[in-house]
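S.K.: Quick one, what's the 3D model for this:
(chains A and B)
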Protein chains: 2
Amino acid sequence: MEVDSDEYFKSYEDLDIHELMLKDKARNEAYKNAIFANKHLFQDKIVLDVGAGTGILSIFAAQAGAKKVYAVEASKLFELAREIVKENGFEDVIEVLHCKIEDFTLPDDVEKVDVIVSEFMGFYLLHESMLDSVILARERFLKPNGSMFPDRAIIYISPCRIPSLFEDWENVSGVKMTKFAEQLRKQRTTKPEIASIQSSDLLSDETIIAFLDLNDISTSDLDRFDFNEVIVANKEGRVEGICIWFDVLFPSDNDEIVLSTHPQCESTHWKQTIVPIPENNETVEAFSPIAFKLTIQRHPEHFRRYNILLEILDPYSDEVIHPLPCDCNLTKCILTKAHLQSLSENDFVNA
Amino acid sequence: MEVDSDEYFKSYEDLDIHELMLKDKARNEAYKNAIFANKHLFQDKIVLDVGAGTGILSIFAAQAGAKKVYAVEASKLFELAREIVKENGFEDVIEVLHCKIEDFTLPDDVEKVDVIVSEFMGFYLLHESMLDSVILARERFLKPNGSMFPDRAIIYISPCRIPSLFEDWENVSGVKMTKFAEQLRKQRTTKPEIASIQSSDLLSDETIIAFLDLNDISTSDLDRFDFNEVIVANKEGRVEGICIWFDVLFPSDNDEIVLSTHPQCESTHWKQTIVPIPENNETVEAFSPIAFKLTIQRHPEHFRRYNILLEILDPYSDEVIHPLPCDCNLTKCILTKAHLQSLSENDFVNA
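M.R.: Below is the predicted model:
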């Protein structure tokens, strides 16, 4: 496990990944807007940046008036972060520290910090699970009623079409390539696909699989996420996979400040995570029920890894339980829904 | 060298690279248009496809009326190519053969082929140098006056700006990241950058560094390419690198059929190849001379590899020879050009 962890931090010494993150304008601007819209939370305050990378979040915090920022970075990138901090004139405010957050301690005269900022999100939020380090930092270093940036995270799913693995191959400049697509899908079943899909390829409204209050959750809350409900198609289409994405939200007095990786939002380097269903893809009509089990589960041995398991179910089987009421087009569900509606109308009349 | 070669073919068993190629519409359509515009060269003819991959070019040739196509593929992809050929109904026309072109022999009753098709181009045309195999195929298997698809290739260069390695980092959501960019450029000097640049970032008209007549060249012609001339800037800008790209051209009776990877053309998976100049980038004015030596040279031990060497020269030094006439703004060149012009006008008057 130690090897795993070292490799993890080493991977962040490659500048390519930081180039990708720094060129992700939606990411940068969401953090900047969230921090600048909450200047009262930063002004003359003490801030901890968990996994500071190039130090950009620490600099936003300093620009917003922070008195002191501890920028903790475990990879060798800390040296470059120091130079960047200096280049921006904040060497007296931001202290870049080269250690894991697990080994970090605050100076003797600082008991706790007012704010924790962190860009911990991996693909489908959880990949590489840096969120565990953020939770540890909150538990050890954040004042009661201190602020988390971001403070909430939501993971969404929707059944979807994946033209890039299916339809796109039916006619490639006049040549049928469906045999190629078959092989491609076989090669892709071992790991989920990180790709940008069109929001028009989502086959249902977004469904929440996890809501995480970062002020409150503990690391054991991140061990396993299960989804096992019926989703109702909102359009006709072939169910070719399950699309997973996330939002993070920031503290706000007024309008929500959200960094969303929904397919219809400005594209980010996280794109979407797609779990393809290699074969036997059923075409569903609008209002058809779609049933599957999705489990996102921490690897028993490799702390930073998750396994994603997908099992497609028959929505018409007796074993699949539809919600009450259910919006799907199953006769039983239509009748039940009508019945429940008439009951509630009667309630209203009697009131 | 054998290991090298095996690894090379093995890399083509990964479908990701074929996905990239098959999604390159400019590539597919150029070959299709070239083959379909020359149906008279394919009708009832014998065709050899060198490095057939998924077999798409062989299928174009069959669609254009070829009597027989030998699709030679050295990687394990040949099995998939066979399925794709069958899916398209050409199993009686196209014979997929699993061997290196170096080991290929035609059946006893076929002496030579009428046409060779091949998509042999790597980054900056030469990378991975599959062109050597195409030349070998031509020498061994093509009838005199047979056709090559493509039949010509041109490599171009131009000095350029590289915003993604320079200017883009001056202000990242209000943070200076020039120290990051410096490190990034250092990390990138060991290999050229494959990236899409804007044609507005080219600082001169395109300059040809190599013109290859594929009906005529031999493999030794591919050992080394040198450029050592003065290029005149056509706009103001900072010289941050040298951009390399290529065109291939197809046989044509009328309009040229070109697959171009020029930055202003439809983007391709080859993008452009950029050799950055890490530091001390001079800003030049329009009509300023820019002088450098560029060498693209085959690796002495690894046949499929090329080294690219770039040396920036002082265009005002005595050692740099300007052409006659030269369009640059050097007083000597302006005067010489005017003198040559007046001479040629006098010639005209006297004539």
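S.K.: What is the neighbour count of A:D314?
M.R.: Counted with other Cβ atoms under 10 Å in any protein chain shown, the neighbours of A:D314 add up to 11. Using the backbone N, CA and C atoms, a C-beta is placed for each residue, glycine as well.
S.K.: That one is in contact with A:A291, isn't it?
M.R.: Yes. Using Cβ atoms under 8 Å, A:D314 is in contact with A:A291, at 6.8 Å.
S.K.: what do these two both touch?
M.R.: A:V320 (Cβ atoms under 8 Å, 6 or more residues apart in numbering or on different chains).
S.K.: could you pull out the helices for the stretch 151-300 of chain A?
M.R.: Along the stretch 151-300 of chain A, counting by DSSP state H, counting those that start in this stretch, helices occupy A:178-188.
S.K.: Chain B contacts on that one?
M.R.: Residues of the stretch 151-300 of chain A lying close to chain B by Cβ under 8 Å from any Cβ of the partner chain are A:168-169, A:172-180, A:183-184, A:187.
S.K.: And the buried ones among the residues you listed, selectable in PyMOL?
M.R.: Selection of buried members from those for PyMOL, criterion 16 or more other Cβ atoms under 10 Å in any protein chain shown:
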select buried, chain A and resi 169+172+173+175+176+177+178+179+180+183+184
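S.K.: can I get the residues of the stretch 151-300 of chain A next to chain B in CSV with distance to A:L202?
M.R.: As requested, those are exported to CSV (distance: Cβ to Cβ, whole Å):
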residue, distance to A:L202
A:D168, 17
A:W169, 21
A:V172, 25
A:S173, 28
A:G174, 30
A:V175, 29
A:K176, 27
A:M177, 25
A:T178, 23
A:K179, 28
A:F180, 25
A:Q183, 26
A:L184, 22
A:Q187, 24
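S.K.: farthest pair in the residues of the stretch 151-300 of chain A next to chain B?
M.R.: Comparing all pairs in these by Cβ to Cβ, the longest separation belongs to A:G174 and A:Q187, at 24.7 Å.
S.K.: which residue sits closest to A:N307, ignoring its sequence neighbours?
M.R.: Setting aside the residues directly before and after it, A:N307 is nearest to A:Q297 in space (Cβ to Cβ, 6 or more residues apart in numbering or on different chains), at 5.3 Å.
S.K.: Extract the CA atoms of the longest helix along chain A and return them as PDB.
M.R.: Using DSSP state H to define each element, chain A has its longest helix at helix A:331-350. Output of helix A:331-350 as PDB, limited to C-alpha atoms (Å, rounded to 0.1, in the frame of the first residue of the first chain):
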ATOM      1  CA  THR A 331     -49.600  -1.000 -16.800                       C
ATOM      2  CA  LYS A 332     -49.300  -1.800 -13.100                       C
ATOM      3  CA  CYS A 333     -47.400   1.500 -12.600                       C
ATOM      4  CA  ILE A 334     -49.800   3.600 -14.600                       C
ATOM      5  CA  LEU A 335     -52.800   2.200 -12.700                       C
ATOM      6  CA  THR A 336     -51.000   2.600  -9.300                       C
ATOM      7  CA  LYS A 337     -50.000   6.100 -10.100                       C
ATOM      8  CA  ALA A 338     -53.600   7.000 -11.200                       C
ATOM      9  CA  HIS A 339     -55.000   5.400  -8.000                       C
ATOM     10  CA  LEU A 340     -52.500   7.300  -5.800                       C
ATOM     11  CA  GLN A 341     -53.300  10.500  -7.600                       C
ATOM     12  CA  SER A 342     -57.100  10.000  -7.200                       C
ATOM     13  CA  LEU A 343     -56.500   9.300  -3.500                       C
ATOM     14  CA  SER A 344     -54.500  12.500  -3.100                       C
ATOM     15  CA  GLU A 345     -57.200  14.500  -5.000                       C
ATOM     16  CA  ASN A 346     -59.800  13.000  -2.700                       C
ATOM     17  CA  ASP A 347     -57.700  14.100   0.300                       C
ATOM     18  CA  PHE A 348     -57.700  17.500  -1.200                       C
ATOM     19  CA  VAL A 349     -61.500  17.600  -1.700                       C
ATOM     20  CA  ASN A 350     -62.100  16.400   1.800                       C
END
